[in-house]
Every structure is written in C-alpha cells, then in structure tokens.
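Colleague: Coordinates only, no sequence provided:
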C-alpha cells in the first residue's frame, strides 16, 4: 500500500510518499499555492503517477488549543482531497515537523515542505504501523 502525505502551507505544499511494509518515506515534490489555494492540477498529476491508497495531511496543533486560520484551511484541504479523489484521508499532528525537517537537512533557508511531509509520513508510519 502506498501512502501520500501533504504538508499544507499558505505558500507551498510539500508532498512525500511511503509504504507501511518497508516503513520508508521519501519527499517527492513541493507544489506552489496561489493565496493558499492548492494547485489541483499538480496534485491530480502526482496522485495519478503514484496511485496512493491513502492520503495523510499534517495538521498543526497550537499549544493554546485554539484553532487558527491555518488549521481551518488545512481541514478544508482534507475535505477537498476526500471529495476529489475518493481516497481515505487521515490527519497527523505536524507539531515541529518543519523543525525536524530543518534538523535533518541541515538547512533553514531552502524550502523544507517536502522534507516536512516526509516527517509527517514517518510519524504516521511509526504510530500506526510500528
């Protein structure tokens, strides 16, 4: 089973793929957004190319517990993924995924979105498929 993960952001969406059987995940793309709107054509192309059976989306969990505008946008993105592709969509706490991606890559300057999506997917693999 192939799983595709998304790190949704206002300017970019990072994408990674992985398999529970091997426990591995790899970053595959960083897609631009336009004022927070996903590039659905690019997402459709990736889903067509990789043919995932499940989608994951990282959701930021604010320390104060309040739902931010970003969290509302991420939840809308999840609903849109489900509606467009008819695939199961799960959410994963992405708290500190960008920090972990920066630590892994050794850079805080380049876009870390795909590496953050990889961290989100690895978190899910470790929690759901140890």
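Modeller: The structure has been received and is ready for your questions. Since this is a predicted model, take the numbers as computed values, not measurements.
Colleague: Could you use CA atoms for every contact and neighbour count after this?
Modeller: OK.
Colleague: Tell me where this structure has helices.
Modeller: For the chain, the helices defined by DSSP state H cover 40-50, 69-85, 97-105, 113-128.
Colleague: between the ones you listed, which gets nearest to residue 21?
Modeller: Minimum separation from residue 21 across those (CA to CA) falls at helix 113-128, 9.4 Å.
Colleague: Which elements pack onto that closest one?
Modeller: strand 3-8, strand 12-19, strand 24-32, strand 54-59, strand 89-93, helix 97-105 (3 or more CA pairs under 8 Å, 6 or more residues apart in numbering; DSSP states H and E).
Colleague: average pLDDT for it?
Modeller: Helix 113-128 carries an average pLDDT of 87.
Colleague: from the middle of its chain, how far away would it be?
Modeller: Distance of helix 113-128 from the chain centroid (CA atoms, centre = their mean, to the nearest Å) equals 8 Å.
Colleague: Flag every buried residue along that helix.
Modeller: Residues 113-125 are the ones in helix 113-128 that count as buried (16 or more other CA atoms under 10 Å).
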